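Asks: need coordinates for the below:
(4 chains)
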2 protein chains.
Amino acid sequence: MENLLLFIRSLTDFSDEAWIYLQPALRLQEYRKNEVLLKEGDICDKLFYIEKGYCKSYCMIEAEKKNIGFFFEDEIATDIQSFGCGHPSALNIVACEPLAVVIFDKKKLFEASSQHIEIERLGRNCIRQFASKQAEFANMAKLYKPQERLDFLESQFPEMGQRVPLTQLASFLGVARETLSRIRRRRTHY
Amino acid sequence: MENLLLFIRSLTDFSDEAWIYLQPALRLQEYRKNEVLLKEGDICDKLFYIEKGYCKSYCMIEAEKKNIGFFFEDEIATDIQSFGCGHPSALNIVACEPLAVVIFDKKKLFEASSQHIEIERLGRNCIRQFASKQAEFANMAKLYKPQERLDFLESQFPEMGQRVPLTQLASFLGVARETLSRIRRRRTHY
DNA sequence: TTAATTATGTGACGATCGTCACAGGCTAAA
DNA sequence: TTTAGCCTGTGACGATCGTCACATAATTAA
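Replies: Coordinates of the predicted model:
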């Protein structure tokens, strides 16, 4: 839990008292590789703070897995749309490696938020950080060609380029697996 | 301001008392068409609630305008990255029509947030809504081909298809103007 | 109103990407 | 070690997209 507290304090002022009030909303959980954190159709009422390992979100479009996002150590993973609005999720979240997370329970988190304004403020800052990242990815797709997208990703989010297998990364970048393979070849030959 | 209060109350419980505490952070502002709300390089310390008209955000990539987002009535426009982190903005926001907005001043908003937890909660909900929309656009680019993107946009955000000129919409969808024109032609001929 | 500017439609053509097919390499289980 | 399954690299080829060019329509300014 020490990592989580450091993460929280990097986002916002957070007293020891607030940390105590927050405890009931938290629980440690481990997942094996390929284990499911969130299933399509379920309502996402959790935030997953990642201590170790990484996971991905994907959705099925015409019987094909499309990777939406990858989440690494010291990040929050969730389906922001389902979590926020309370409707069923359109996507799945699965562990890509053995995974250790701290789960924030939505209901208990909201109760804790009412008891301590620093927790409410933490929620805002978590979502803000999440939104910033979403915005970057949204812009990446709009602004750049496939090759430039890979450049951008490797410079801004080096973990993705290094830890995510090519086939999965391709679907995240919105290109065919073969195209990404050829982009890599072109670059290593210079 | 009545529209704004309704908007707020659609997002979160909000007492008359909180509304009074919020007032110092708000001010009405009008812009002419093409007038600038936020300039690249400036730090974004405002949220713009749109009462009438619409605006867009764009950035310059190699001397070319790339449209990032469009914001219509009853939405919040801002640069979430600059507003959240306090660093200079990489994008511009300009009015696309005569525009009437309510400006939230960041500093005063944060002061009001400390005074009333409902205002803090409002902030969280505003950002959450903003994040959801960002996520949808990010996914749109990854999941769909250009033609499907237009279908998606017209079904989920019909105002964009109707009010935004083709050339600008094309850059938002990440395709050439000519391509979007041809997609439209193909569809109207069925 | 006219003139200037900007937005849109369209054809031609080259560049890029997606799809299909198959080969080789890596990993994990028998 | 062997086998099976998955991931990656690569060639061929058709589909789609971007770019350039120019014509026409719509909007704005004079």
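Asks: skipping its backbone neighbours, what lies nearest A:Leu150 in space?
Replies: A:Ile183 (5.8 Å; CB to CB, 6 or more residues apart in numbering or on different chains). (C-beta placed from N, C-alpha, C; glycine too.)
Asks: using the three-state scheme, assign the one you found.
Replies: Under DSSP: H, G, I helix; E, B strand; the rest coil, the three-state class of A:Ile183 is helix.
Asks: now do the contacts for it.
Replies: Neighbour list for A:Ile183: A:146-147, A:150, A:175 [criterion: CB atoms under 8 Å, 6 or more residues apart in numbering or on different chains].
Asks: among those, which are in reach of DNA strand C?
Replies: The overlap between the contacts of A:Ile183 and the neighbours of DNA strand C (CB under 7 Å from any atom of the strand) comes to A:146-147, A:175.
Asks: ok so, going back, how close does the residue nearest to A:Leu150 sit to A:Val175?
Replies: 8 Å (CB to CB, to the nearest Å).
Asks: A:Glu148 now?
Replies: To A:Val175, A:Glu148 is 12 Å away according to CB to CB.
Asks: if we can go back for a sec, joint contacts of A:Ile183 and A:Val175?
Replies: Counting by CB under 8 Å, 6+ apart, the contacts common to A:Ile183 and A:Val175 are A:Pro146.
Asks: more neighbours, A:Glu148 and A:Val175?
Replies: Taking neighbours as other CB atoms under 10 Å in any protein chain shown, A:Glu148 and A:Val175 compare with A:Val175 leading, 20 against 13.
Asks: was I right to think the more buried one contacts A:Pro146?
Replies: Yes: the criterion here is CB atoms under 8 Å, and A:Val175 meets it with A:Pro146 at 4.7 Å.
Asks: next, A:Ser57: secondary structure please.
Replies: Classification of A:Ser57 using three-state DSSP returns strand.
Asks: quick check: bridge partners of it?
Replies: A:Gly69, A:Ile93 (DSSP bridges).
Asks: ok now the longest helix along chain A, how far from the chain's centre?
Replies: Secondary structure of chain A per DSSP state H: the longest helix is helix A:117-143. Relative to its chain's centre, helix A:117-143 lies at 11 Å (CA atoms, centre = their mean, to the nearest Å).
Asks: beyond it, next helix or strand please.
Replies: Using DSSP states H and E, the helix or strand that follows helix A:117-143 towards the C-terminus is helix A:146-156.
Asks: what's the domain layout of chain A?
Replies: Following automatic domain parsing, one gets these domains for chain A: A:2-141, A:144-190.
Asks: any idea which of these is most buried?
Replies: Comparing the domains of chain A by mean neighbour count (mean count of other CB atoms under 10 Å in any protein chain shown), domain A:2-141 comes out on top with a mean of 18.
Asks: is that one anywhere near DNA strand D?
Replies: No: using CB under 7 Å from any atom of the strand, we find that domain A:2-141 stays clear of DNA strand D, coming within 9.8 Å at best.
Asks: is that domain positioned near DNA strand C?
Replies: No: using CB under 7 Å from any atom of the strand, domain A:2-141 never reaches DNA strand C; the gap is at least 8.8 Å.
Asks: out of the helices and strands in chain A, which is least certain?
Replies: Using mean pLDDT, DSSP states H and E, the weakest-scoring helix or strand in chain A turns out to be helix A:177-188, at a mean of 89.
Asks: now the angle from that one to helix A:146-156?
Replies: Between helix A:177-188 and helix A:146-156, the angle comes out at 70 degrees (axes from the mean of the first three to the mean of the last three CA atoms, to 10 degrees).
Asks: touching DNA strand D at all, helix A:177-188?
Replies: Yes: using CB under 7 Å from any atom of the strand, helix A:177-188 reaches DNA strand D at A:177-178, A:181-182, A:184-185.
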